[in-house]
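Colleague: fold the following for me, if possible:
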Amino acid sequence: MSTNESETCGGDSPETEHGNDTEEFVEVTLDVQDDNTIILRTVESASVFKTDVVSGTPDLEAPSIFPPSTSGSSTMRSIRSDSHNLLTRFSHELPRRFSWSRRRDGFDSAIEARAIRRQRAQLDRTRSGARRALQGLKFISSSQRNGVDAWNEVQINFVNLAKDGYLHRDDFAKCIGMKDSDEFALQLFDALSRRKGMNLDRIDEDELHEFWLQITDQSFDSRLQIFFDMVDKNDDGRITEEEVKEIIMVSASANNLSRLHEQAEEYAALIMEELDPEGLGYIELWQLETLLLQRDTYLNHSQSLSYTSQALSQNFYGSKYKGPITRISNKLLYFFDDNWKRVWVFTLWIIAMVSLFTWKFIEYKQKPEFNVLGYCLPTAKGAAETLKLNMALILFPVCRNTITWLRSSCLSHFVPFDDNINFHKMIAGAIVIGIILHAGDHLACDFPRLINVPNPTYNLYMLDDFGLHKPTYLDLVKGIVGVTGILMVTLMIIAFILATRWLRLSLIKLPKPLDRVMGYNAFWYSHHLFILVYILLVIHGTFLYLVHEWYQKTTWMYLAVPVLLYAGERTFRLFRAGLSSVRLLKVVIYPGNVLSIHMTKPPQFKFKSGQYIFVQCPSISPFEWHPFSISSAPDDGYLSIHIRQLGDWTQELKRIFAHACEPAEGGKSGLLRADETAQKSLPKLLIDGPYGAPSQEYKKYDVLLLVGLGIGATPFVSILKDLLNSIVKMEELEAIDFRRTSGQSIGSLRQKRTIRTTNAYFYWVTREQGSFDWFKGVMDEISEMDKQGVIEMHNYLTSIYEEGDARSLLITMVQALNHAKNGVDVVSGTRVRTHFGRPSWKKVISKIGTKHANARIGVFYCGAPILAKELSRLCYQYNQKGSTKFEFHKEHFS
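Modeller: Predicted structure coming up:
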């Protein structure tokens, strides 16, 4: 080898240039193979050498890699003799490859820098920080029980899964409750096995208990060591970038994050860049510890709302103990406060039915026919009068144009127009009860009594109604009144059954061909049987038994106005839909079976954010119309909707569009997409609307809290875009006015503000990572335009294990680091950070209420009914504590 180089190769130090004999070296361990190839094994800091520059022979003053023996010297000479030329070439290449080792600020500086960082990290470790980190590193979910009960459950699983007294490695996940994370559990099993110094394929119950105690150990250091051992596959106390990549892939698989799995290499490099700034190529246990202890610091950039624990306790926990009477009275007050509009409408409706029933009951009790038919007659006639009323009222809630118009009137302060469909269903239930009383009394009581009455009694009381010949049961049934009544009941039974939730949403799977009677199609067509029902009802009411004067036949009087109103609405909608044929601009099919459609906006088509339209596709059915929320803003030059495949009609619509679409290319979003330039023609669509919805009145609130579950985020995307557009437009106008009237006071400028809403908080909760593609472009656009921080968006993915679970630990770290560096969330691909699990709605309400004291806050929710109850209750609870008022509104798809 050349001067100053040996098998233990050293780099020149700056001191050499000044003539010093003492040089600092690194120790390079080489492996010379039989085929004259050299493998570099390790590069480490070496002891100080004194070198004879003339001879080039190192004089080792400290322990060397070779033992000071004759055999060792012979070995050195042998290696030098056999591989002299090869090592000479390698010695020239090595300084070039590892030029950092020749500088004082190179390898040694990196080692020293890391040592300093380690010392600082140890000083920064506090007891509170360790406690927080402990909460952020759990192998067993918080939903699982801890302690003796949990171990008993594991023992039961062991008994069920063990074979010959041993639990196989592949069954470990199921045994400890990680059945949905098999790969992660296998890595955990292997790490625990390596800690025992063995490579186990199966364990007995005692070993399982030992593993369980380690997993559930409350010591932060113990949990941290287990996680480190999971990553450190070769058990050398160091984690390389490749090992980090592998554990990221395992975590991504455990959380069903396919995209994160594909980008594991990129994110492993990100973690190494953060934890290994010295570039040594590995990280150690203390660096992973630092990462966890500083978890709050890493995530701080995405903790938007600030609040104090004092405010939280004041709002929700500061109340004193309340007795049972106080609790009951509070519940009643909450019920009336939340439902007073419904209560008075419902009460008025009940009073009307009771009054009509009582009126007819008394009237027919005083008639001579009562002596023959008894109480069955007035009961049937009283029920018939309520049927007339309800058959008239049931049409009003489905007069959508009328209700949309009334929403903007002063009546909206007193009438719950948002509950129109619920009221429609309630009236339908009352009609069922009325039919049972009316038809049941006639068929089972009145008719048998009439045909069995003695002739003298018949001639005395019933002669004027049925003539000289007493009718038989068959005569009564096959008459006009009997036939129309039976037909109406039959048609109503069909319509009512197919309108039930189980059949309408195809929740019950029936064998073929009965499956064709389920779904929205069956519901839609069967509901149109009521056209025949109303015709039969008018005929039935014209040929009534026991009623002879025309003015006493009041059925047509009840039905005239609502039937004409509904018929006019349907005619107007049909005419408007014919003029509202739209041209499709873009169609995208996203993951999660969601179809996004962008279309031209028809002339004179004006809508408010939060409203919805009905869509018809003649290629599927020329009669069916289905409602969908508008996802575009009023100022957009197009109209857009997002449709999720939930039934037979939406399934067929997706199939038709998928045939016309092609795979996305060039970085475009979606699985399939098509636009105006598509080679295959897109199907024709007709729209009808817009129609009113609860969220359209968002502008009357100071602050908005928008909560969407899954596809329920659609109306709120439109609201966010509209709010931001309005604020930007208003600021531009104010700037123009300020320049024109520089002497105008700021106070007078503020009087020109037309938008009451100052802030909006959007919470989107979904189960699938692919869902974020639905509104990715919109969310990025809002983030880009929102310079003033008016809108705050939060995404929640419930399929990922909660923050703090070991299975999502590295994902949380990667997410925070990537967002801080690149401004992009690794889960959603947007600028909005994705949280794991479900929000704590109590904290959300409290934070917003504390931040916006004395404000009127509108809470709008679209999703499953179960969460609506919780949000409504929390809003009421907060309203009892201070001047900030939350007003809750909900809508859900069914």
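Colleague: which residue is nearest the middle of the protein?
Modeller: Here the mean C-alpha position of the chain is nearest to the C-alpha of residue 766 (Cα atoms, centre = their mean), at a distance of 1.6 Å.
Colleague: give the contact list for residue 613.
Modeller: 607, 627-628, 630, 639, 641, 687-691 (Cβ atoms under 8 Å, 6 or more residues apart in numbering). C-beta: built from backbone N, CA, C; applies to glycine.
Colleague: how close does it sit to residue 778?
Modeller: To residue 778, residue 613 is 18 Å away according to Cβ to Cβ, to the nearest Å.
Colleague: how about residue 276?
Modeller: 38 Å.
Colleague: tell me the secondary structure for residue 150?
Modeller: Secondary structure state of residue 150, per DSSP: H, G, I helix; E, B strand; the rest coil, is helix.
Colleague: looking at it now. What's its pLDDT?
Modeller: We have a pLDDT of 81 for residue 150.
Colleague: swap in residue 811?
Modeller: 77.
Colleague: residue contacts, it?
Modeller: Contacts of residue 811 by Cβ under 8 Å, 6+ apart are 248, 251-252, 255, 257, 260, 800, 826-827, 836.
Colleague: low-confidence stretches in the stretch 551-700 of the chain?
Modeller: 578-580, 664-671, 673-680 (pLDDT under 70).
Colleague: the strands in it, which residues?
Modeller: 581-582, 584-590, 594-599, 612-616, 626-629, 639-644, 662-663, 672-675, 685-691 (DSSP state E, counting those that start in this stretch).
Colleague: of the ones you listed, which approaches residue 117 most closely?
Modeller: Across the strands of the stretch 551-700 of the chain, residue 117 has its closest neighbour in strand 584-590 (44.4 Å, Cβ to Cβ).
Colleague: and the closest one, how far from the chain's centre?
Modeller: 22 Å (Cα atoms, centre = their mean, to the nearest Å).
Colleague: same question for stretch 843-854.
Modeller: 22 Å.
Colleague: how many residues are close by residue 624?
Modeller: If you count neighbours by other Cβ atoms under 10 Å, residue 624 ends up with 17.
Colleague: thinking again about what came up before, looking at the contacts of residue 811, which are in strands?
Modeller: residue 836 (DSSP state E).
Colleague: considering the contacts of residue 811, which possesses the most neighbours?
Modeller: residue 251 (28 neighbours).
Colleague: that one and residue 808 touch, don't they?
Modeller: Yes: in this structure, residue 251 is within contact of residue 808 by Cβ atoms under 8 Å, at 6.6 Å.
Colleague: for stretch 716-724, give me every contacting residue.
Modeller: By Cβ under 8 Å, 6+ apart, stretch 716-724 touches 609-610, 629-636, 695, 698, 704, 706, 708, 755, 757, 760, 762, 764, 775, 778, 781-782, 785-786, 790-791, 793, 860, 862.
Colleague: just the buried ones from those?
Modeller: Taking 16 or more other Cβ atoms under 10 Å as the criterion, what is buried in these is 609-610, 629-634, 636, 695, 698, 704, 706, 708, 757, 760, 762, 764, 775, 778, 782, 786, 790-791, 793, 860, 862.
Colleague: for residue 708, give the beta-bridge partners.
Modeller: Applying DSSP bridges to residue 708 gives these bridge partners: residue 764, residue 862.
Colleague: how about the helices in the stretch 351-500 of the chain?
Modeller: 370-373, 376-393, 400-407, 420-441, 447-452, 455-461, 463-466, 473-478, 480-498 (DSSP state H, counting those that start in this stretch).
Colleague: coming back round to it: select, out of the strands of the stretch 551-700 of the chain, the one closest to residue 283.
Modeller: strand 584-590 (37.9 Å).
Colleague: how close does residue 867 sit to residue 167?
Modeller: From residue 867 to residue 167 the distance is 40 Å (Cβ to Cβ).
Colleague: ok, these two, which is more surrounded?
Modeller: Counted by other Cβ under 10 Å, residue 867 and residue 167 do not tie: residue 167 has more neighbours, with 25 against 18.
Colleague: and that one, what element?
Modeller: strand 167-168 (DSSP states H and E).
Colleague: and the next helix or strand past that strand?
Modeller: Criterion used, DSSP H and E; the element after strand 167-168 is helix 172-176.
Colleague: next, the buried residues of the helix or strand that comes right after that following helix.
Modeller: Downstream of helix 172-176, the first helix or strand assigned by DSSP H and E is helix 182-195. Neighbour-count burial for helix 182-195 flags 182-194 (criterion: 16+ other Cβ under 10 Å).
Colleague: quick one: mean pLDDT for helix 182-195?
Modeller: 85.
Colleague: output it as PDB, restricted to C-alpha atoms.
Modeller: Taking C-alpha atoms only, helix 182-195 is exported to PDB below (Å, rounded to 0.1, in the frame of the first residue of the first chain):
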ATOM      1  CA  ASP A 182     -51.400 -10.000  10.900                       C
ATOM      2  CA  GLU A 183     -48.100  -8.700   9.400                       C
ATOM      3  CA  PHE A 184     -47.500  -6.200  12.200                       C
ATOM      4  CA  ALA A 185     -48.200  -8.900  14.800                       C
ATOM      5  CA  LEU A 186     -45.700 -11.200  13.100                       C
ATOM      6  CA  GLN A 187     -43.100  -8.500  13.300                       C
ATOM      7  CA  LEU A 188     -43.900  -8.100  17.000                       C
ATOM      8  CA  PHE A 189     -43.700 -11.800  17.600                       C
ATOM      9  CA  ASP A 190     -40.300 -12.000  15.900                       C
ATOM     10  CA  ALA A 191     -38.900  -9.100  17.900                       C
ATOM     11  CA  LEU A 192     -40.000 -10.700  21.200                       C
ATOM     12  CA  SER A 193     -38.500 -14.000  20.100                       C
ATOM     13  CA  ARG A 194     -35.100 -12.300  19.300                       C
ATOM     14  CA  ARG A 195     -35.100 -10.700  22.700                       C
END
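Colleague: give the pairing partners of the next helix or strand after that helix; include direction for each.
Modeller: Using DSSP H and E, the helix or strand that follows helix 182-195 towards the C-terminus is strand 202-203. Take DSSP bridges as the rule and strand 202-203 pairs in its sheet with strand 167-168 (antiparallel).
Colleague: now do the strand it pairs with, average pLDDT.
Modeller: 90.
Colleague: report the helix or strand with the lowest average pLDDT across the chain.
Modeller: helix 309-312 (a mean of 35; mean pLDDT, DSSP states H and E).
Colleague: coming back round to it: least reliable of the helices of the stretch 351-500 of the chain by average pLDDT, please.
Modeller: helix 463-466 has the lowest average pLDDT among these, namely a mean of 83.
Colleague: and that helix, what does it pack against?
Modeller: For helix 463-466, not one helix or strand is in contact under the criterion 3 or more Cβ pairs under 8 Å, 6 or more residues apart in numbering; DSSP states H and E.
Colleague: got the buried residues for that helix?
Modeller: Buried-residue list, helix 463-466, by 16+ other Cβ under 10 Å: residue 465.
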